[in-house]
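A.B. asks: Mind folding the following:
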Amino acid sequence: QVQLVESGGGLAQAGGSLRLSCAASGRTASTYLMGWFRQAPGKEREFVAAISWSGTNTYYADSLKGRFTISRDNAKNAVYLQMNSLTPEDTAVYYCAAKGGVGPAAIFVLAKHYDYWGQGTQVTVSS
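C.D. replies: Predicted coordinates for the structure are as follows:
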């Protein structure tokens, strides 16, 4: 069992930056693939980024490459999402997700493949 708690959301101006954090609890949390998803009002949840549990592989939604960076610190059981050059279109609730039972370099991008989810953190970008 893994519990996920996101933090770092809030209000930012267009062009600004935010750094989201996700704290994972559980004895084997460091061996979980971690992902970030987001859901804007009236829209479906969409994939943002993922990082393998070894940290060697990362994957991003095409539209976010170059602006968002995912990283993890297994010693702290934490994963981060650095978001730069924010636009109002980035406004959404951001969710951290975890998937266990995968190899050290595995990446999954579909929400249905993830086993555990955080409660989400709101990111609002003003123009």
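
A.B. asks: What segments of this protein are strands?
C.D. replies: 3-7, 10-13, 18-25, 33-39, 46-51, 58-60, 68-73, 78-83, 92-99, 116-117, 121-126 (DSSP state E).

A.B. asks: can you tell which of these is closest to A106?
C.D. replies: A106 lies closest, by Cβ to Cβ, to one member of the strands of the chain: strand 33-39, at 5.8 Å. C-beta here means a position set from N, CA and C on the backbone, and glycine is covered the same way.

A.B. asks: Point me to the residue sitting closest to the centre of the protein.
C.D. replies: W36 (2.2 Å; Cα atoms, centre = their mean).

A.B. asks: that older thread, reformat the strands of the chain as JSON lines; add mean pLDDT and distance to A105.
C.D. replies: Shown next, in JSON lines, are the strands of the chain (pLDDT from 0 to 100; distance: least, Cβ to Cβ, whole Å):
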{"stretch": "strand 3-7", "mean pLDDT": "97", "distance to A105": "21"}
{"stretch": "strand 10-13", "mean pLDDT": "97", "distance to A105": "33"}
{"stretch": "strand 18-25", "mean pLDDT": "97", "distance to A105": "19"}
{"stretch": "strand 33-39", "mean pLDDT": "98", "distance to A105": "9"}
{"stretch": "strand 46-51", "mean pLDDT": "98", "distance to A105": "10"}
{"stretch": "strand 58-60", "mean pLDDT": "97", "distance to A105": "11"}
{"stretch": "strand 68-73", "mean pLDDT": "97", "distance to A105": "13"}
{"stretch": "strand 78-83", "mean pLDDT": "98", "distance to A105": "16"}
{"stretch": "strand 92-99", "mean pLDDT": "97", "distance to A105": "13"}
{"stretch": "strand 116-117", "mean pLDDT": "96", "distance to A105": "20"}
{"stretch": "strand 121-126", "mean pLDDT": "98", "distance to A105": "28"}
